[in-house]
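K.L.:
Pasting the sequence and the predicted coordinates here, then a few questions.
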Amino acid sequence: MITQKRTYTTRSMMIRLWKLTGRYRMFIILLLFAAFTASLIEVGYLESIRRLVKGATESQVSLIYSGLIIGATIVVLRIFVTAFMTWVETLFQQKSLLSVQTLLLSSLGNTETRDLTHYHTGDLTARVWTSAKEAQKGINQHGIELAKNIIQLILAFAYFSWVNLPLSLAVIAFTLIYPLITVGLGRHLQRQHDLLNASAAARDEMLTEIIQAPVEIRSYGLAGYVQHHYKERMNRVFRQTMSVSVLQRLSEAAGRISTYGGMILILYLGGMQVLNGHMDVGGLAAFLVASSQLTRPIESLSGLWNDFISSASHASRIFEVLDLDKKNAGTDEPMASTFETNTYVHPELRSDQLAEQVTPHNIVVQHVSFRYAEQEEVLSDISFTATQGKLTVITGSSGCGKTTLLKLLTGLYAPNEGAIQVTGSAQTDQVHQVYVPQQAFIFTGTVEENIVFGQEGVTTVQVEAAAQMTHAHDAIMRQSFGYKTELQPQGGSMSGGELQRISLARAVLRSPDILLLDEPTSSQDPWHEQQLNRLMSRMTTEQGTTIIAVTHRLSLIERADQVIYIQKGRIQDVGTHHELLNRPNGYRSYITEQSAVGN
């Protein structure tokens, strides 16, 4: 069963959302002005009704005509004010929502990777898309509606007090029963909203996996299993939706009791005043017809509390992401990036100093240790130097921490102890560094767009040259539209090896000073493996590229200028392949095992 402990209040979430509105508060001021104008118009509407009813009951034609004129004027003014408010509200909603979603995406990109591993992709997508939208309604819609109802209540009460103060006070006192009921239901409703959001997130997670893994589901005959478990999650969402709906309907029922009870109270107290000569029948009829303008804001305010609860529940989901530790938490502003050069610039480095930067030479890893959350150390006391223009290979048994070490070098993870430096600068100052993961990620778009991705001013000749260097060109040209062939994240008709070479072409196009590779030839046949090995040799010798590669492949290990042999999170030995073979470090046994399985 999904449970979610609530650690926030509706008020605190609304305050934080208000702070996010920032530069868009001018829209709120305009909407409040329009709301005040609309409330004044409502007072005119009340006076129109009073005159029409009083004129009809007392046979005063002049009152009827004046009521009609006021009413017609009110209708015209309502049209203009409503159109203006709709335009401003729509503009405000779109701009503020885009701002929050952009902030969320920026936050995700700057969050420590190990913190994001606790969240499913489907859940994060729902937080950015659904939760951001529903949370922003707390300010964009519900907040404006709150202000509008308060203004309308004040003006309506002032008008009705002028008409009949005792009756107005009695109606308001009775109507306040409704808020008392809704506040009582509020805590239960808030809990049910939290459970509903958690259930919906679990459903979306499974739906994402079903869409992404159709081949596995078919090959393992999991259709029935998947259908059963997805149905369970849908039923859980259905049950939570029903709980929320029941509580909301109870709240609405209390509102109807308040409305009809208020009408009965008006007839009773007003009738007594008519009998005692303190009020005429026309005045009572007008008060009864227009009384909704007094009771409706109170009921609406109470109903808005339910809406605020829903928005606060969604807001807690987006602030949970925004509050995660950030990579640049020690700086006042995020690191800037220039896509043209794939260069990351430290905030303290002025743009006029960028040209004076020294190209990175050595990567120095000093006594680095790392663990995931409260788990045991994955890496312990790792120290080595990767020299510029050399190929450094990290190898060892599966699960020894090779890929984790590579992610530390990329800056995706931060070490718990120790330091990683590039030419004497902090790791966050690194420039021209590219990381290629083992699983090639393909963006939705053409082959050319996938290779160019994020680069500006790149010519077709340069794209084809990069593809030819990684031997992806022939495979691309076999596609129906060549470099204009549309690809999906799953890669479409292209094989894993072909997609891996496209991913490598994306890296080569950027001419990196530092190239970090995770199993770069894992999906390649022997011929392409040898071609990519030669490419890496040329990049180190001819371009001075520093390459660090995680691999099990003996052909690449033999070419390495330096081999870092890791076992159980510790470096066992460092040297060339032939040097390590002649040392009593377990390396020879490891290589023999790799050769036996064909690596």
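P.N.:
Structure received.

K.L.:
wait, doesn't residue 43 sit right on residue 156?
P.N.:
Yes: using CB atoms under 8 Å, residue 43 is in contact with residue 156, at 6.9 Å. All C-beta atoms are positioned from the backbone trio N, CA, C, and that covers glycine.

K.L.:
So those two - more neighbours on which side?
P.N.:
Neighbours were counted for residue 43 and for residue 156 using other CB atoms under 10 Å; residue 156 has more, 26 against 17.

K.L.:
Give me the buried stretch members for stretch 534-552, please.
P.N.:
535-537, 539-540, 545-552 (16 or more other CB atoms under 10 Å).

K.L.:
Among the residues you listed, which ones are in helices?
P.N.:
535, 536, 537, 539, 540 (DSSP state H).

K.L.:
So for the second one, what's the pLDDT?
P.N.:
It stands for residue 536. On the pLDDT scale, residue 536 is placed at 93.

K.L.:
Over to the fourth one?
P.N.:
Per-residue confidence (pLDDT) for residue 539: 92.

K.L.:
What residues does it make contact with?
P.N.:
Going by CB atoms under 8 Å, 6 or more residues apart in numbering, residue 539 touches 508, 515, 545, 547.

K.L.:
what sits up against stretch 392-410?
P.N.:
So stretch 392-410 is contacted by 113, 363, 365, 368, 370, 378-379, 382, 384, 386, 413-415, 420, 433, 435, 438, 516, 518, 546-552, 556-557, 560-569, 572, 590 (CB under 8 Å, 6+ apart).

K.L.:
pretty sure residue 466 is touching residue 508, no?
P.N.:
Yes: Residue 466 lies in contact with residue 508 (CB under 8 Å); the separation is 4.7 Å.

K.L.:
Let's check: the centremost residue of this protein is which one?
P.N.:
The chain has residue 128 as the residue nearest its centroid, 2.6 Å off, counting by CA atoms, centre = their mean.

K.L.:
Which residues are in contact with that residue?
P.N.:
Applying CB under 8 Å, 6+ apart, the residues near residue 128 are 101, 104, 105, 108.

K.L.:
switch the cut-off to 7 Å
P.N.:
101, 104, 105 (CB atoms under 7 Å, 6 or more residues apart in numbering).

K.L.:
cool, residue 247 as well?
P.N.:
With CB under 7 Å, 6+ apart, residue 247 has these contacts: 185, 188, 189, 192.

K.L.:
Mind pulling up the pLDDT for the last one?
P.N.:
So the one you mean is residue 192. Predicted confidence (pLDDT) for residue 192: 83.

K.L.:
Make 332 the first number, not 1, from now on.
P.N.:
Got it, the first residue is 332 from now on, which makes the last one we talked about residue 523.

K.L.:
Wait, a helix at it?
P.N.:
Yes: judged by DSSP: H, G, I helix; E, B strand; the rest coil, residue 523 forms part of a helix.

K.L.:
From residue 608, how far off is it?
P.N.:
Distance of residue 523 to residue 608, given as CB to CB, to the nearest Å: 52 Å.

K.L.:
Just want to know which of these two has more residues nearby.
P.N.:
residue 523 (24 against 7).

K.L.:
measure that one to residue 454 for me?
P.N.:
19 Å.

K.L.:
thinking again about what came up before, tabulate the ones in helices among the buried residues of stretch 865-883 (TSV), appending distance to residue 409.
P.N.:
Putting these into TSV (distance: CB to CB, whole Å) gives the following:
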residue	distance to residue 409
866	71
867	72
868	77
870	70
871	74
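
K.L.:
quick one, strands of the stretch 632-781 of the chain?
P.N.:
667-669, 674-676, 694-702, 708-717, 722-727, 748-753, 756-757, 764-767, 776-777 (DSSP state E, counting those that start in this stretch).

K.L.:
Of those strands, which is nearest residue 831?
P.N.:
Closest of the strands of the stretch 632-781 of the chain to residue 831 is strand 764-767, at 8.5 Å (criterion: CB to CB).

K.L.:
related to what we said a few turns ago, mind checking which of the contacts of residue 459 are buried?
P.N.:
432, 435.

K.L.:
could you dump the contacts of residue 459 to JSON lines with secondary structure and pLDDT?
P.N.:
Below are these laid out as JSON lines (DSSP: H, G, I helix; E, B strand; the rest coil; pLDDT from 0 to 100):
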{"residue": "432", "secondary structure": "helix", "pLDDT": "85"}
{"residue": "435", "secondary structure": "helix", "pLDDT": "87"}
{"residue": "436", "secondary structure": "helix", "pLDDT": "84"}
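
K.L.:
which of the contacts of residue 459 lies closest to residue 483?
P.N.:
residue 432 (32.0 Å).

K.L.:
correct me, but that closest one touches residue 463?
P.N.:
Yes: using CB atoms under 7 Å, residue 432 makes contact with residue 463 at a distance of 5.0 Å.

K.L.:
one step back: now for the contacts of residue 578: which two are most distant?
P.N.:
The span of those, defined through CB to CB, is set by 516 and 523 at 10.0 Å.
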